[in-house]
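K.L.:
Pasted the sequence and its predicted model underneath.
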Amino acid sequence: MPELPEVETTRRGLLAAMQDVAIERAIVRERRMRQPISRALPQCVAGLTIRALNRRAKYLLIDCGAGTLIIHLGMSGRLWLVDRDTPAQKHDHFDLDLANGKTIRLRDPRRFGLVLWQPAPAGDVMQHPLLAALGPEPLSDQFNGAALYAATRKRSAAIKLVIMDSRVVVGVGNIYASEALYRAKISPRIAARRLTRARCDALAANIRAVLNEAITAGGSSIRDYVGSDGMAGNFQSNFAVYDRGGAPCNACGTPIKRMQQGQRSTFFCPRCQR
């Protein structure tokens, strides 16, 4: 699944082609997504100018003045820039044809993604039900050790599951949770409320560092993720624990362990992480 670094990489890659450019038309080839794409959407967006391309958690927000397109890439989606005459393939479900001759195309083989239209008169897009209850952005000033410490005091769940809870902090998916916990030397199994303030400081700092490094590397390409330019990300070459079960820890040589947490694979060093 594309996580925050992959979505942010996509946003940055598309921004220059979209900013202040008019939408000529929207093409919907398949409405059956996680929520059906509205039949009225093409009429709503035609002729509008894109004012900004923002991100909230793993959602891309295309601000068109009169409203906002809310896009989520789901489990295997990608949003990328193609020339107008590029033929659509089997899983290319949605296009935005722009006045500069480019097309923003959504490919989503599993159809777990979203394309929703939120009209401006309905209020601030951040109050949309999908966005309103989200926690702080991990790269913002609102997320730090103090915020994490406060959020974990009454939580007995394993810390890895807690930092993947979007009500605590958004966008920390499975890959980056494992990597940040390894860097902070914290066991993914420890109860969140047992973390001291100092350990919360370390974990928050490492979450920020891992995400920033992954964005710089263009995200992680494990299976089918590519950026808006069609290029694969490269952060997977920096994994210390994720997907390295049985391999030696880079720090101590102990074999990396794999276990299941919340129906996800967790990778950790049993010696370095306590």
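P.N.:
Cool, got the structure.

K.L.:
Show me the longest helix that occurs in the protein.
P.N.:
Ranked by residue count under DSSP state H, the longest helix found in the chain is helix 197-216.

K.L.:
From the contact counts, what lies against it?
P.N.:
Packing partners of helix 197-216 (3 or more Cβ pairs under 8 Å, 6 or more residues apart in numbering; DSSP states H and E): helix 4-18, helix 145-152, helix 159-163, helix 174-183. To be clear about C-beta, it is placed using only N, CA and C from the backbone, and glycine gets the same treatment.

K.L.:
7 Å instead?
P.N.:
With contacts taken as 3 or more Cβ pairs under 7 Å, 6 or more residues apart in numbering; DSSP states H and E, helix 197-216 sits against helix 4-18, helix 145-152, helix 174-183.

K.L.:
Deepest in the core, which of those is it.
P.N.:
Across the helices and strands packed on helix 197-216, the average number of neighbours (mean count of other Cβ atoms under 10 Å) peaks for helix 174-183, which reaches a mean of 25.

K.L.:
Return the distance of the next helix or strand after the longest helix of the chain from the chain's centre.
P.N.:
Downstream of helix 197-216, the first helix or strand assigned by DSSP states H and E is strand 257-261. Averaging C-alpha positions (Cα atoms, centre = their mean, to the nearest Å) puts strand 257-261 22 Å from its chain's average.

K.L.:
what do you get for stretch 78-91?
P.N.:
21 Å.

K.L.:
Buried residues of it, list them for me.
P.N.:
Buried positions in stretch 78-91, judged by neighbour count with 16 or more other Cβ atoms under 10 Å: Arg78, Leu79, Trp80, Leu81, Val82, His91.

K.L.:
Turn the residues you listed into CSV, columns for distance to Val162 and pLDDT.
P.N.:
As requested, the buried residues of stretch 78-91 are arranged in CSV below (distance: Cβ to Cβ, whole Å; pLDDT from 0 to 100):
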residue, distance to Val162, pLDDT
Arg78, 29, 91
Leu79, 29, 94
Trp80, 33, 92
Leu81, 37, 94
Val82, 40, 95
His91, 34, 95
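
K.L.:
what's the strand or helix carrying Leu106 packed up against?
P.N.:
Using DSSP H and E, the element containing Leu106 is strand 102-107. Other elements packing on strand 102-107 under the criterion 3+ Cβ pairs under 7 Å, 6+ apart are helix 4-18, strand 78-83, strand 92-98.
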